[in-house]
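[1] Let me see the structure of the following:
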Amino acid sequence: MKRYIGLGIALFAGSAIGAAAVSGLHAQAKLKAYTVTEQSVIDASALTTYVPAVQAALKAAGGHILNTGGKVVAIIGEAPPQRVIINEWDSIDQAQAFYKSKAWMDLAPQRDKAMKTTRTYAVETVK
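    Prediction:
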């Protein structure tokens, strides 16, 4: 009988330790984030040099390009912008770091010539 009690206690303790470990690992996981940029094109020819440069900087910073300005259609609300750019990041901190980086700031003259940015924002996923 004592053997079954000891086995039960060991089983319970192992389950509790496993649950605590999984909970701890889950808490450490960073949530993915997405940046959304709404733009209007000023000079389409300037886009040919700006887009490859910004994509290279974004990839170097760990971002993943999901959408580079496909067709935008209004469903609810006001008219959509000409272009919507969506990028995926491993965390919202990584996204913010890119938009504060020297690489991003150095592209400002090209960006200002090619397009007008209405707004850019980051959205963190929810589990």
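[2] C-alpha only now, for contacts and for neighbours.
    Fine.
[3] Per the annotation, how does the protein divide into domains?
    For the chain, the domain assignment from automatic domain parsing gives the residue ranges 1-29, 33-124.
[4] can you put those in TSV and add mean pLDDT and mean neighbour count?
    Shown next, in TSV, are the domains of the chain (pLDDT from 0 to 100; neighbours: other CA atoms under 10 Å):
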stretch	mean pLDDT	mean neighbour count
domain 1-29	54	11
domain 33-124	93	15
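[5] Show me the helices in this protein, by range?
    Assigned by DSSP state H, the chain shows helices spanning 2-28, 44-60, 92-99, 102-106, 108-114.
[6] Output the last one as CSV, nothing but the C-alphas.
    Think helix 108-114. Output in CSV follows, covering the C-alpha atoms of helix 108-114 (Å, rounded to 0.1, in the frame of the first residue of the first chain):
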residue,chain,number,x,y,z
ALA,A,108,14.2,58.9,-45.4
PRO,A,109,15.3,61.1,-48.4
GLN,A,110,14.5,58.3,-50.9
ARG,A,111,11.2,57.5,-49.1
ASP,A,112,10.1,61.2,-49.1
LYS,A,113,10.8,61.4,-52.8
ALA,A,114,8.9,58.2,-53.6
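[7] packing partners for that helix?
    Using 3 or more CA pairs under 8 Å, 6 or more residues apart in numbering; DSSP states H and E, the elements in contact with helix 108-114 are helix 44-60.
[8] ok now the helix it packs on, how far from the chain's centre?
    How far helix 44-60 lies from its chain's middle: 18 Å, per CA atoms, centre = their mean, to the nearest Å.
[9] for it, packing partners?
    Using 3+ CA pairs under 8 Å, 6+ apart, the elements in contact with helix 44-60 are strand 64-68, helix 102-106, helix 108-114.
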